[in-house]
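Enquirer: my questions concern the predicted model and sequence given below.
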Protein chains: 2
Amino acid sequence: MARSTESRRERRIAAGAGVRQMRFGGVINRYPPIAIMSADEIEAIHLASLRLLAETGIEVLHDESRALLRAAGAEVDDSTLRVRFDPPMIEETIRTAPSSFTLQARNPARNLIVGDGSLIFAATGGPAFVHDMDRGRRAGNYADMCDYIRLVHSLNVIHQEGGCPCEPTDLPPDSRHLDFYHAAIRLTDKNWQCWALGGYRVEDAIEMLSITLGQTRDELRQNPATLTVINSNSPLRLDIPMGEGLIAMSRAGQPIALTPFTLSGAMSPVTIAGALTQQNAEALALIALAQVVAPGAPVLYGGFTSNVDMRTGSPAFGTPEYAKAQIASGQLARRYNVPFRSSNVTASNAVDVQAAYESGMSLWSTIMGGVHLIEHAAGWLEGGLTASFEKLVLDAEMLQMMRSFLTPVVVDEASLAVDAISEVGPGGHFFGTGHTLARFENAFYEPMLTDWRNFENWQESGARTGTDRANGIWKELLRTYEQPPLDEAVDEALEAYVARRKEEIAAGKF
Amino acid sequence: MARSTESRRERRIAAGAGVRQMRFGGVINRYPPIAIMSADEIEAIHLASLRLLAETGIEVLHDESRALLRAAGAEVDDSTLRVRFDPPMIEETIRTAPSSFTLQARNPARNLIVGDGSLIFAATGGPAFVHDMDRGRRAGNYADMCDYIRLVHSLNVIHQEGGCPCEPTDLPPDSRHLDFYHAAIRLTDKNWQCWALGGYRVEDAIEMLSITLGQTRDELRQNPATLTVINSNSPLRLDIPMGEGLIAMSRAGQPIALTPFTLSGAMSPVTIAGALTQQNAEALALIALAQVVAPGAPVLYGGFTSNVDMRTGSPAFGTPEYAKAQIASGQLARRYNVPFRSSNVTASNAVDVQAAYESGMSLWSTIMGGVHLIEHAAGWLEGGLTASFEKLVLDAEMLQMMRSFLTPVVVDEASLAVDAISEVGPGGHFFGTGHTLARFENAFYEPMLTDWRNFENWQESGARTGTDRANGIWKELLRTYEQPPLDEAVDEALEAYVARRKEEIAAGKF
């Protein structure tokens, strides 16, 4: 983290014109993760999920996945599509999953470590809609997608593009992944997540990364350069596109966050322990499949257990149940020694206090629970239906605060400051002392969005809320955005690849 | 906590008309507190603060406090008003402070345990201004003070009135504490905090509690019924009114949260370790004074270290530095085996996302840091200058969420739900199952303020933000407020006491 060694002036320059922010940098979480369950309780969930996989199993719609699992020793019934697993088979198979790995970015300074004590903030991915205060809510589209990627590039606290900020619904569905990939490569030099809905979308990502990085597929397999999320269709089902995507990613050596969407009370039991049992069963089955495809394939244990509002059936996010489930999920992931993926979520429809406190619940519980990758760390609104421009900035501020919180307090003779306190003495003031002057520039977190002025100054300058200020910040970031350089020949090769593939896809060749 | 054993209908009735909320109940924090510093680092702060007390000492403006400390073995210089402490004297003196105690309320069902695993949420106390969305910001006044106390009574998650929500500036300064005490006794049956600015304000509280509870001063000494905050005048000074108040409270056996206001970069060193050293020195000196006055006097270790914005000198609250300082303060309080007091703070000028995320930082860090009493847990805005009606509701929602988060997840055969999951099977739904139907009423946290409806329904109903909804909630709570019964004879005796004391004070007899 460069922050502690650079001057305020340098940081200001780094930030571009009017927006003050942290530099890009890795985040190390030194806190021992908190636990919400005893070791016995975690073991009970583990054993219950193994029983579920042995007795009930999961339904695998994808033929090749079933065949691979059968060959690896699972009990497969092709008439019911049901796959059952002996507990020892699961335990032995998942053992090859690595506990950490590195992700390449096209700017090597932005490579990411997944696992260990490293903490990665990924931007939101997948929303169907996009929203800002000026233009309101609208369907995802290519222009907004590009602007959003520019902001993800500009906000230094975000480590990774999160797999398309909003669906570009103005482009053909079967080939729009190519437009997204090309935009992600051009508009940011950070690592970006690919789409795994069907194997061909993974293949296109690998090919385009191969062109971008000038690396063979073998080299990419050794040094993964993208990541995706595979959701089971809870309860207990893996569909065809997800099965294809999982296999393609694992064969290519690219990491997958295997994430059951176990919404307690709807797609999973109304008890948190039950929802976690089901989450764990589905996650273990998917991790096992990835390891069967390619032993050592990089995976993350994905926790997404939340609950529905039992009055309306609406999904609820950032709830106390969500916080508890994430902390328990971290405990489960550590039991299997694989990195843990969670999310920064809210069900709020506006960038308001609810959005802030639900995201706060999410961030604190996942980070204190030992998360390694926070998906949707910035920008998600409306339970993930919308990518919000103002929420992106709000989240970036909260992420900066968490990153600052995670830097250790220095305790040594000079910082204990006994002499400085004695020098100031009773009733004195520390502003002008040597001890203060030598340290004040980098002493405290400097916010991007927070306004600490007093009421009178704040009111005179327009009484703008945090959301109003977020609106100003993303506009300023877009105004001062600079596209990271990309070799012209590479860009041309990408253009040719995209053009060729679009023709093929239009002709039905996926 | 009654919530898990009562039906939704009962809860709705309990809440009064349109506002759904938790019932009043104690909160037990079962999490082992998190640590931000090693035991060696905490010891280094401890030793540095003892060195500071021995070499530099503190300035005690209050004659009686100096005399008591001299008699107890401290080194006192009456010409400079400086009091220095030998480390063994501090260590031996503070040893008599109890690790927990009980606070009476006039409704015994609302008695409070301070310390152990108990967690108390106190409403904001002390702001000069008051604010709501309709009427804007105005000077504290008696009518608003009363309405605010009515809301503190109505919001079940708040355990304790926090020492006057806003200063009633329309009443004479020397006797307005009597009006506040009388209002607090009449308008809520929860425990309330008294004022300690000068000994006579404490005496009036004790006398009025004696009348209210029908208990002698001796009985009140055994069973304390109020609490107050004593701030040192950082750096390193105890002034006359605070010295008087501290002595009066300790003699009367009423607990004090001894809280240095060590704003890093202004009234304390720019380093967090230094600010904590100073906080610890001041807190230890005040705890020692309380124990000298009355060995066994109930005290809390108060942590309030935050930082200034070094660009403007404005105090900043709910910052990463604040979060770290609170967690370290909890570690220090545990080293001395006394309960720990912290606060829910924000510097925001509006009930906006900043207010929510700064309060979220405060609540998570203090609660995970093992706090026992959260002062200003609900209502504080503008760095404590303003009591906000909407912030009160926002905070109450966040407190409810934390309380729900702190209830353990049940892990047993039934909650693990293996049979229920098998019964539903792949691709099924849990809404209508027996397992769900038997549990859905009390399965999840039910919010007061949060809106989980989808975007379309939310928009059709007016697209109200969380702050807008908070405005509706406090109005509904005021509309349905019912004053808790108070014996008429008691009220008359209180009235007579207040009238007599106002005459005395007007005549200069404090």
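Expert: Yes, it's here. Numbers count the residues shown, from 1 in each chain, chains lettered A, B, ... in the order given.
Enquirer: residue ranges with poor pLDDT in chain A?
Expert: Residues of chain A meeting the criterion pLDDT under 70: A:1-17.
Enquirer: what do you get if the cut-off is 90, keeping everything else the same?
Expert: A:1-18, A:31, A:310-313 (pLDDT under 90).
Enquirer: in it, where's the longest helix?
Expert: helix A:272-293 (DSSP state H).
Enquirer: what sits closest to the residue in the stretch 401-510 of chain A that chain B sits nearest to if chain neighbours are left out?
Expert: When scored by CB to the nearest CB, the stretch 401-510 of chain A has residue A:417 as its residue closest to chain B, at 2.9 Å. The way it works is simple: take the backbone N, C-alpha and C, and place the C-beta from them, glycine included. Once flanking residues are discounted, residue A:417 sits nearest to residue B:274: 2.9 Å by CB to CB, 6 or more residues apart in numbering or on different chains.
Enquirer: what sits against that neighbour?
Expert: Residue B:274 is in contact with A:415, A:416, A:417, A:420, A:421, A:435, B:264, B:268, counting by CB atoms under 8 Å, 6 or more residues apart in numbering or on different chains.
Enquirer: quick one: stretch A:23-38 near chain B?
Expert: Yes. Interface with chain B: stretch A:23-38 contributes A:31, A:34, A:36, A:37 (CB under 8 Å from any CB of the partner chain).
Enquirer: SS state for the most centrally placed residue in chain A?
Expert: Centroid-nearest residue in chain A: residue A:375, 1.9 Å away (criterion: CA atoms, centre = their mean). With DSSP: H, G, I helix; E, B strand; the rest coil as the basis, residue A:375 sits in strand.
Enquirer: could you measure from the residue lying closest to it once chain neighbours are set aside over to residue A:156?
Expert: Distances taken as CB to CB, 6+ apart put residue A:343 closest to residue A:375, at 4.7 Å, once the chain neighbours are dropped. According to CB to CB, to the nearest Å, residue A:343 and residue A:156 sit 21 Å apart.
Enquirer: between these two, who's got more neighbours?
Expert: In this view residue A:343 and residue A:156 are compared by other CB atoms under 10 Å in any protein chain shown, and residue A:343 has more residues nearby, 30 against 21.
Enquirer: ramachandran angles for that one?
Expert: phi -140, psi 160 (degrees, to the nearest 10).
Enquirer: same question for residue A:200.
Expert: The phi/psi pair for residue A:200 (degrees, to the nearest 10) is phi -70, psi -30.
Enquirer: contacts only, for it.
Expert: Residues counted as contacts of residue A:200 (CB under 8 Å, 6+ apart) are residue A:510.
Enquirer: same check on residue A:270?
Expert: Contacts of residue A:270 by CB under 8 Å, 6+ apart are A:264, A:307, A:310, B:430, B:435, B:436, B:439, B:440, B:443, B:444.
Enquirer: which of those fall in strands?
Expert: In strands, defined here by DSSP state E, the members of those are A:264, A:307.
Enquirer: ok, now how distant is the residue lying closest to residue A:37 once chain neighbours are set aside from residue B:418?
Expert: In space, and not counting its chain neighbours, residue A:37 is closest to residue A:328: 5.3 Å by CB to CB, 6+ apart. Distance of residue A:328 to residue B:418, given as CB to CB: 17 Å.
Enquirer: now do residue A:506
Expert: Shown here: residue A:506 relative to residue B:418, a distance of 48 Å by CB to CB.
Enquirer: list the buried ones in stretch A:143-156?
Expert: A:144-156 (16 or more other CB atoms under 10 Å in any protein chain shown).
Enquirer: dump the residue contacts of the residue lying farthest from the centre of chain A.
Expert: Ranked by distance from the centre of chain A (CA atoms, centre = their mean), the top residue is residue A:426, with 49.2 Å. Neighbour list for residue A:426: B:58, B:59, B:82, B:235, B:236, B:237 [criterion: CB under 8 Å, 6+ apart].
Enquirer: neighbours around the third one, how many?
Expert: Counted with other CB under 10 Å, the burial measure for residue B:82 works out to 18 neighbours.
Enquirer: residue numbers of the stretch 101-250 of chain A in contact with chain B?
Expert: Residues of the stretch 101-250 of chain A lying near chain B (CB under 8 Å from any CB): A:137, A:233, A:235, A:236, A:237.
Enquirer: can we see that at 7 Å?
Expert: Residues of the stretch 101-250 of chain A found near chain B (CB under 7 Å from any CB of the partner chain) are A:233, A:235, A:236, A:237.
Enquirer: next helix or strand past the longest helix of chain A?
Expert: Next along the chain after helix A:272-293, taking DSSP states H and E as the criterion, comes strand A:299-302.
Enquirer: name the strands paired with that following strand and say parallel or antiparallel.
Expert: If you go by DSSP bridges, strand A:299-302 pairs up with strand A:256-258 (parallel), strand A:340-343 (parallel).
Enquirer: now the longest one - C-alpha only, CSV.
Expert: Taking Å, rounded to 0.1, in the frame of the first residue of the first chain, the C-alpha atoms of strand A:340-343 are listed here in CSV:
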residue,chain,number,x,y,z
PHE,A,340,-13.6,-17.5,0.4
ARG,A,341,-15.8,-15.3,-1.8
SER,A,342,-18.6,-13.1,-0.4
SER,A,343,-20.4,-9.9,-1.5
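Enquirer: in the helix or strand just after that strand, what's buried?
Expert: Once strand A:340-343 ends, the next helix or strand along the chain (criterion: DSSP H and E) is helix A:353-368. The neighbour-count check on helix A:353-368 (16+ other CB under 10 Å) flags A:353-368 as buried.
Enquirer: relative to helix B:353-368, how tilted is helix A:353-368?
Expert: With axes from the mean of the first three to the mean of the last three CA atoms, to 10 degrees applied, the angle from helix A:353-368 to helix B:353-368 works out at 40 degrees.
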